[in-house]
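# Below are the sequence and a predicted model for it; my questions follow.
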Amino acid sequence: MSSEKVHIRCSHCGTFSVNAEYCTHCGQALNIVKQREERRKDDERDRIAKALAEEPSAIEKFLLKMTKHPWFVIRVFFKLIYGIWFVVMAIAMFLAWLIGMIVA
């Protein structure tokens, strides 16, 4: 076995590192694949945070408001509509997934 030294130049600060995955000077990942993976994870975290901060649509707001209505008949009617809406969306998502799996 030979102990080969791999010299890698950091694309961020320009410092050369020997047999390292991260720059010894700035801590940046030296492997391009790892840099892309970290960037993808950061983008996904940002996307999830943005989605959680978003307000629900007007339809969702209305249906949720009516499911808490003081009158029992209206509350049951809108819970039924909300349930049907949920089932229709679940079927649509399943069909989209199925078509995606068949085409891909």
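Structure's in. What do you need?
# pLDDT at the residue nearest the centre of the chain, what is it?
A centroid search over the chain (C-alpha atoms, centre = their mean) returns E44, at 4.3 Å, as the residue closest to the centre. The confidence metric pLDDT takes the value 95 at E44.
# Which helix or strand contains it?
Assigned by DSSP states H and E, E44 falls within helix 32-53.
# Show me how far that helix is from its chain's centre.
Chain-centre distance of helix 32-53: 7 Å, with C-alpha atoms, centre = their mean, to the nearest Å.
# Output that helix as CSV, restricted to C-alpha atoms.
C-alpha atoms of helix 32-53 as CSV (Å, rounded to 0.1, in the frame of the first residue of the first chain):
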residue,chain,number,x,y,z
ILE,A,32,-17.9,19.3,-5.5
VAL,A,33,-20.5,16.6,-5.0
LYS,A,34,-20.6,17.3,-1.2
GLN,A,35,-20.9,21.0,-1.9
ARG,A,36,-23.9,20.4,-4.2
GLU,A,37,-25.4,18.1,-1.7
GLU,A,38,-25.1,20.6,1.1
ARG,A,39,-26.5,23.4,-1.2
ARG,A,40,-29.5,21.1,-2.1
LYS,A,41,-30.1,20.4,1.6
ASP,A,42,-30.1,24.1,2.4
ASP,A,43,-32.5,24.8,-0.5
GLU,A,44,-34.8,22.1,0.8
ARG,A,45,-34.7,23.5,4.3
ASP,A,46,-35.5,27.0,3.0
ARG,A,47,-38.4,25.6,0.8
ILE,A,48,-39.9,23.7,3.8
ALA,A,49,-39.6,26.8,6.0
LYS,A,50,-41.3,28.9,3.3
ALA,A,51,-44.1,26.4,2.9
LEU,A,52,-44.7,26.2,6.6
ALA,A,53,-44.8,30.0,6.9
